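**Student:** requesting a structural model of the entry that follows:
(2 chains)
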There are 2 protein chains.
Amino acid sequence: MAKGNLIVGQSGGPTAVINQSLVGVVLGAKQSKNVGKIYGALNGVDGILGERFVDLGRESLANLNLVAGTPSSALGSCRHKPKQDECEHVFEVFKKHNIRYYFYIGGNDSAETADIINKIARDRKYELCVYHVPKTIDNDLRETDHCPGYASASKYVIQSFMGNDLDNISLPGIKIDIVMGRNAGWLTAASALARDAKDKNSGPHLIYVPERPVTMDEFTGQILSVYEKYGRCVVACSEGIVDKTTGKPVADALIDEVDSHGNKQLSGSGALGDYLVSKVKAVYDGQKKLRIRSDTLGYAQRCFAGIVSPIDAKEARGVGMKAAKLATTGSIDGSISIKRTGGKKYASEFVRTELNLVAKVTRHMPDEFLTEAGNNVTPAFVKYLTPLVGDLPAVGKLKKIAVKV
Amino acid sequence: MAKGNLIVGQSGGPTAVINQSLVGVVLGAKQSKNVGKIYGALNGVDGILGERFVDLGRESLANLNLVAGTPSSALGSCRHKPKQDECEHVFEVFKKHNIRYYFYIGGNDSAETADIINKIARDRKYELCVYHVPKTIDNDLRETDHCPGYASASKYVIQSFMGNDLDNISLPGIKIDIVMGRNAGWLTAASALARDAKDKNSGPHLIYVPERPVTMDEFTGQILSVYEKYGRCVVACSEGIVDKTTGKPVADALIDEVDSHGNKQLSGSGALGDYLVSKVKAVYDGQKKLRIRSDTLGYAQRCFAGIVSPIDAKEARGVGMKAAKLATTGSIDGSISIKRTGGKKYASEFVRTELNLVAKVTRHMPDEFLTEAGNNVTPAFVKYLTPLVGDLPAVGKLKKIAVKV
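**Tutor:** Numbering: from 1, shown residues only, chains lettered A, B, ... in the order given. The predicted model follows:
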């Protein structure tokens, strides 16, 4: 069994519960006699490369619990995907500080980084336990039923769409809301849970995800068709929706900036929403008074303070604890997956999976969760997500008993 | 004392608690023997002109209470400011249906509409009780300490900025968030309460409001100055900020669409935020890697489901009840103001004020609430708003005890 120090880092976009996983790792590791110092790397792999460490072992339990309930990465994050030579450097830093436990909380890029460092350690016969701890609001990791962070982000998206649909009923028109999700539509799909079971006309009426490319003619036509029917239309649209004609994301042509992964900067701009509004306006020339708006839900989706799914918080803590437990009791590497158990009543358990099965590849929404027409989700998806988000606000509508005049 | 039927309508942008006021009017009116039918006008004055009424007297108490806790205008709203001849038509409709009580829930435009109809009734010696019931997330009505709807919208804005500041700490850069407020900065100013009292570097670092015009050079210079100091900068900016050079709102040049009041359509577009980002980018040519983003907080500010200030909900109900009580016990017209009472412990009472004192004019933030530099709020403002929003989420940060390497 490895004896030595531990380091944990956080990477990629924050979530509302990523600190639960951090605290899970710390508290799990504290239970083992094999772990010496418990270090946190500031700003993910950047903090390892720069040897910017903090001593998490000296944080009080009370403060750790407060931090666990706070959104966004408490250690700081990074978007840096290290190259092979940087991973070698990471390994040298680990040797220097007698790091024998390495935990990286993040998405599939982080799993890949962990996997590379893991391989280096194996090659050099250096005893290092490497665990990837999953987090992503995108819910796009393989091998797991769902990802910590997704349910809380979903809860935010749902409550936002509940409000936006009520707003749209009150002042009718077309509303196109842009939801995070570059490659997969999981978070956009969550908006379906905003629908009011007692009101069959409630929105969002249309849901567009990257998995289902659409032409701009189909997009505007479907929206105007709903508008003709109900006098209003609420649309949930992934930031990564793909133009069927070009095969490329619609946003690609609108945005210049790319990140270090070569991805277009989709968030933090209203460009896509404004563009889609202009497309619908261009087609709709029948009436002057079409009220059409777009909101880009923005970073609040991943960091809003005060909207957390209790199950998500519990599971995010759980995957961190599980990783620490496995690592300190002899299982040398892996990632943690969530397996859905239980029947009618939701339950889950945490299982070890291979690092390389989680690395790199995006898990798209399966066909069974998307309708044939490609602009809505199926009841199977609603059933999948419902237990994860927990209680939602109650919505009341007037009976509107008409008065004869 | 007038005997006859009652009609109530909702107007303008919805709020999270506007239905509390509606239910307050209905329940207050039910206590009076002078009130016959209790009608709701669908979509404000449009529903009166079109005689589209629903019977609110036949809604169950349980459903009314559910509706009261639901954001957005349950009767539907409108943006229509009726002209004199339309107000004459409204009066004819009132006569036809023996309406003797008219309640209009809205902002200063609604107060003006109520005032005009009130004058017509007085001129024709028709006994009509006319009450304006205040609501606006903009908090820009005169005569009142604050407006129902403002505190809940503030709570949403605060929790959004709490999260955005934590997000910005985790992935540092410049973040410019656009907050609703065409003419007054009240809601943008609320973002100040997102600051972490235990962390003097917490954001928002700069707050720009329409009351303090700023040149684009000052704007970009101040932001970059904070960025140089902290390595990051979070900015709260009103959608209505004014360019000191032109004396006009910055957004004016960016947006074509105007509403029926001749106002530019500011919400439902990311154009202003994207423009301000481009301005900062243009000045900052020192480093390639400046991470700068903007979110436009959007309609969620006024309609998000599940974020309500308990005091706001209670007061919104209270102003509706008070209006109904005054109207049905002999006070013929007016608007309801909230007066802050109590000492250290917050308390308030509802008082009648003249309709024409509330109509039309916007209440801007007073000088005592804005700093000399014009890019921040004073402690007096924080003291003013704090009791209104109620409890906020607790924020924890790691002590970050450095490890010597």
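**Student:** what lies in contact with stretch A:384-395?
**Tutor:** A:146, A:150-151, A:154-155, A:158-159, A:162, A:166, A:189-190, A:192-193, A:196, A:309-312, A:346, A:369, B:66, B:69-70, B:305-306 (CB atoms under 8 Å, 6 or more residues apart in numbering or on different chains). C-beta coordinates here come from the backbone N, C-alpha and C atoms, glycine included.
**Student:** next, the contact list for the residue of chain A found nearest chain B, please.
**Tutor:** Per CB to the nearest CB, A:Gly270 is where chain A lies closest to chain B, at 1.1 Å. Going by CB under 8 Å, 6+ apart, A:Gly270 touches A:Ile178, A:Ser294, A:Thr296, B:Ser269, B:Gly270, B:Ala271, B:Gly273, B:Asp274, B:Ser294, B:Thr296.
**Student:** what does A:Ile311 give?
**Tutor:** A:Ala151, A:Tyr346, A:Pro387, A:Leu388, A:Val389, A:Gly390.
**Student:** hmm, try it at 7 Å
**Tutor:** A:Ala151, A:Leu388, A:Gly390 (CB atoms under 7 Å, 6 or more residues apart in numbering or on different chains).
**Student:** swap in A:Ile117?
**Tutor:** A:Cys87, A:Val90, A:Phe91, A:Tyr102, A:Val130.
**Student:** follow-up on the earlier one: the contacts of stretch A:384-395 in strands, which ones?
**Tutor:** Assignment to strands by DSSP state E places none of those there.
**Student:** now the strands: where do they sit in the stretch 301-405 of chain A?
**Tutor:** Counting by DSSP state E, counting those that start in this stretch, the segments of the stretch 301-405 of chain A that form strands are A:333-341, A:347-353.
**Student:** now the ones you listed in TSV, with mean pLDDT?
**Tutor:** Listed next are these as TSV, based on pLDDT from 0 to 100:
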stretch	mean pLDDT
strand A:333-341	97
strand A:347-353	97
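**Student:** just the buried ones from the contacts of A:Ile117?
**Tutor:** By neighbour count, with 16 or more other CB atoms under 10 Å in any protein chain shown, the contacts of A:Ile117 hold A:Cys87, A:Val90, A:Phe91, A:Tyr102, A:Val130 as buried.
**Student:** okay, the residues you listed in a markdown table with pLDDT next?
**Tutor:** Shown next, in a markdown table, are the buried ones among the contacts of A:Ile117 (pLDDT from 0 to 100):
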| residue | pLDDT |
| --- | --- |
| A:Cys87 | 96 |
| A:Val90 | 97 |
| A:Phe91 | 96 |
| A:Tyr102 | 98 |
| A:Val130 | 98 |
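**Student:** got JSON lines for those, with distance to A:Ile18 too?
**Tutor:** Listed next are the buried ones among the contacts of A:Ile117 as JSON lines, based on distance: CB to CB, whole Å:
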{"residue": "A:Cys87", "distance to A:Ile18": "23"}
{"residue": "A:Val90", "distance to A:Ile18": "21"}
{"residue": "A:Phe91", "distance to A:Ile18": "25"}
{"residue": "A:Tyr102", "distance to A:Ile18": "17"}
{"residue": "A:Val130", "distance to A:Ile18": "19"}
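**Student:** buried among the contacts of stretch A:384-395? Need that as a selection in ChimeraX.
**Tutor:** Applying 16+ other CB under 10 Å to these, the buried members can be selected in ChimeraX as follows:
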select /A:146,150,151,154,155,158,159,162,166,189,190,192,193,196,309,311,312,369 /B:66,69,70,305,306
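**Student:** show me the helices in the stretch 51-200 of chain A, by range?
**Tutor:** Listed in chain order, the helices of the stretch 51-200 of chain A (DSSP state H, counting those that start in this stretch) span A:61-68, A:84-96, A:108-123, A:150-170, A:186-190.
**Student:** over to the stretch 301-405 of chain A?
**Tutor:** Taking DSSP H, counting those that start in this stretch, the helices of the stretch 301-405 of chain A run over residues A:310-328, A:355-358, A:379-389.
**Student:** flag every buried residue along the first one.
**Tutor:** In other words, helix A:310-328. Buried residues in helix A:310-328, counted by 16+ other CB under 10 Å: A:311-313, A:315-328.
**Student:** and if you look at stretch A:16-33?
**Tutor:** Using 16+ other CB under 10 Å as the test for burial, stretch A:16-33 gives A:16-30, A:32.
**Student:** where in the stretch 151-300 of chain A is pLDDT low?
**Tutor:** For the stretch 151-300 of chain A, applying pLDDT under 70 flags the ranges A:257-264, A:266, A:285-288.
**Student:** could you rerun that using 90?
**Tutor:** Scanning the stretch 151-300 of chain A for pLDDT under 90 picks out A:252-270, A:283-291.
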